[in-house]
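Trainee: okay, structure incoming, though there's no sequence with it:
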């Protein structure tokens, strides 16, 4: 089935098209969801909620009724799916982690322990970390740090865009990103040391 056929079929709530759509995009979207979730069960919930939202919103995909023209500025279908899944992850975190989502840490990076000469350096951390370690280290971050880190570092959102998306100040976004990077390195160092 072509992408256009899938889009048209899903917009008409055709079960076969929805199944084919899910099978085509689920693995890539699960990789995205696992970065926003604290565990695989939560990632599955985000994924399923995301697909439910995508099926409900597919009629609003900007490229559905427009001519395919590279100059039109319409995002690709895969980019649209990714944006919808990110929104689903953020919505999930807002609804399920209300108490801890945007509670900023009171410990500043300057106050945190400095590594001793015997500890693993950032360079060794990066070289030693595999995908599973990075995901585990990401999942150990607070939901707010995880969201800001993913949005800025991996998705390329600016702090201005993040502040609007998460309804926080730009300063809070920058501060959370800085603390997320620090804590991610610390988490990775602990995982590598094991």
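Mentor: Here it is on my side, so go on. These figures come from a predicted structure and were not determined experimentally.
Trainee: give me the buried positions along the longest helix along the chain.
Mentor: Taking DSSP state H as the criterion, the chain has its longest helix at helix 170-193. When burial is assessed from 16 or more other Cβ atoms under 10 Å, helix 170-193 yields the following buried residues: 172-173, 175-177, 179-189, 191-192. C-betas here are computed from N, CA, C, even on glycine.
Trainee: cool, stretch 75-89 as well?
Mentor: Residues of stretch 75-89 classed as buried by neighbour count (16+ other Cβ under 10 Å): 77, 80, 81, 82, 84, 85, 86, 88, 89.
Trainee: show me what the longest helix of the chain is packed up against.
Mentor: Contact analysis of helix 170-193 by 3 or more Cβ pairs under 8 Å, 6 or more residues apart in numbering; DSSP states H and E lists helix 122-128, helix 131-139, helix 143-149, helix 159-166 as its packing neighbours.
Trainee: and these, which is most packed in?
Mentor: Comparing the helices and strands packed on helix 170-193 by mean neighbour count (mean count of other Cβ atoms under 10 Å), helix 143-149 ranks first with a mean of 25.
Trainee: who are the packing partners of that helix?
Mentor: For helix 143-149, the contact count by 3+ Cβ pairs under 8 Å, 6+ apart identifies helix 15-36, helix 77-96, helix 131-139, helix 159-166, helix 170-193 as packing neighbours.
Trainee: so how far is that helix from its chain's centroid?
Mentor: In terms of Cα atoms, centre = their mean, to the nearest Å, the centre of helix 143-149 is set 9 Å apart from its chain centre.
Trainee: which of the helices and strands packed on helix 170-193 sits closest to residue 96?
Mentor: helix 143-149 (8.6 Å; Cβ to Cβ).
Trainee: give the rounded mean pLDDT of the closest one.
Mentor: Across helix 143-149, pLDDT averages out at 93.
Trainee: and if you look at stretch 5-22?
Mentor: What stretch 5-22 shows for mean pLDDT is 93.
Trainee: likewise stretch 75-94?
Mentor: Per-region confidence: stretch 75-94 scores 91 on mean pLDDT.
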